[in-house]
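Undergrad: Build me a model from this:
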Amino acid sequence: MPRARSREGAQRIREFILSGAAQGVLDPGARLPTERELARRFSVPRNAVRKTLAQLEAEGSITRHVGRGTFLAGDSRASDMSAASVAHTSPAEILDARLRIEPALAELVVTNATPADFERMEACLEKAEKSATLDEFEVWDQALHQALAEATHNRFVVRVFDMVTAFRQQAEWGKLKDRIVTPERRLQYQAEHRDIVRALKDRDADRARAAIVTHLQHARRNLFGF
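TA: Below is the predicted model:
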């Protein structure tokens, strides 16, 4: 199955779960269909289903328990951000906005982050570094940036990053990442992520801000050559 078609199917699974939660069709704690059932219903490979569920788990929208199944999180934010929200936004526009927004989060994170926030960041770092595939790495890369936003404890900031997360589910972003993320670049991104989190844990806003800028500029050069 072509990757673009697979991604479209994965997006439909994501919207089925989040829209169902937002509209009350799925109650908090509801058991979700199995991977096999979702793959059959949405005509996508099992690996695409697993990636989508991993993303939702990383965002805190679902929980998964070995031997028991997958459940809608009791406190799921059930974002209503859909493909339509970002359909006419280019990757360059998103990254340009992130370069202006994310460094400014450093002060809020340093001021407001709790030990639990830092534990989540560390978990994202560890899972990214242990990822066996680029798709899995991308899930935890994305989850780390969302964790940084949530560590501000500012609901407006979190909603903005919900839109960034929604964009990163789109096929256009996936095609770019597939093309430019080499094993060497992935290692560099992991090191930069560590620098960011270390500075935030040290409550050093200036150092964290500089590390975020360095990381996003590096990503922009790799994606667009400037």
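
Undergrad: Which pLDDT does the model give the residue located most distally from the centre of the chain?
TA: When distances to the mean C-alpha position of the chain are computed (CA atoms, centre = their mean), the maximum falls on G67, with 25.5 Å. G67 is assigned a predicted lDDT (pLDDT) of 75.

Undergrad: what are the phi and psi angles of it?
TA: Taking degrees, to the nearest 10, you get phi 80, psi -10 for the backbone angles of G67.

Undergrad: Next, work out how far apart it and A73 are.
TA: Using CB to CB, to the nearest Å, we find G67 at a distance of 18 Å from A73. Every C-beta, even on glycine, is put in place using the N, C-alpha and C of the backbone.

Undergrad: pLDDT below threshold where in this protein?
TA: Under the criterion of pLDDT under 70, the regions of the chain flagged as low confidence span 1-6, 22-25, 74-88, 168-179.

Undergrad: Just say helix, strand or coil for the residue most central in space within it.
TA: With distances taken as CA atoms, centre = their mean, the residue of the chain nearest its centroid is Q142 (2.9 Å). Look at Q142: counting by DSSP: H, G, I helix; E, B strand; the rest coil, its state is helix.

Undergrad: wait, isn't it in contact with E57?
TA: No. Assessed by CB atoms under 8 Å, Q142 is found out of contact with E57, at 12.0 Å.

Undergrad: Let's verify T63: helix, strand, or coil?
TA: T63 ends up strand, using three-state DSSP.

Undergrad: Now do the contacts for it.
TA: By CB atoms under 8 Å, 6 or more residues apart in numbering, the contact set of T63 is 57, 70-71, 73.

Undergrad: Just say helix, strand or coil for K51.
TA: Secondary structure state of K51, per three-state DSSP, is helix.

Undergrad: which residues sit in contact with it?
TA: Going by CB under 8 Å, 6+ apart, K51 touches 10, 135-136, 139.

Undergrad: From those residues, pick the one nearest L38.
TA: Proximity of the contacts of K51 to L38 (CB to CB) peaks at A10, which lies at 9.6 Å.
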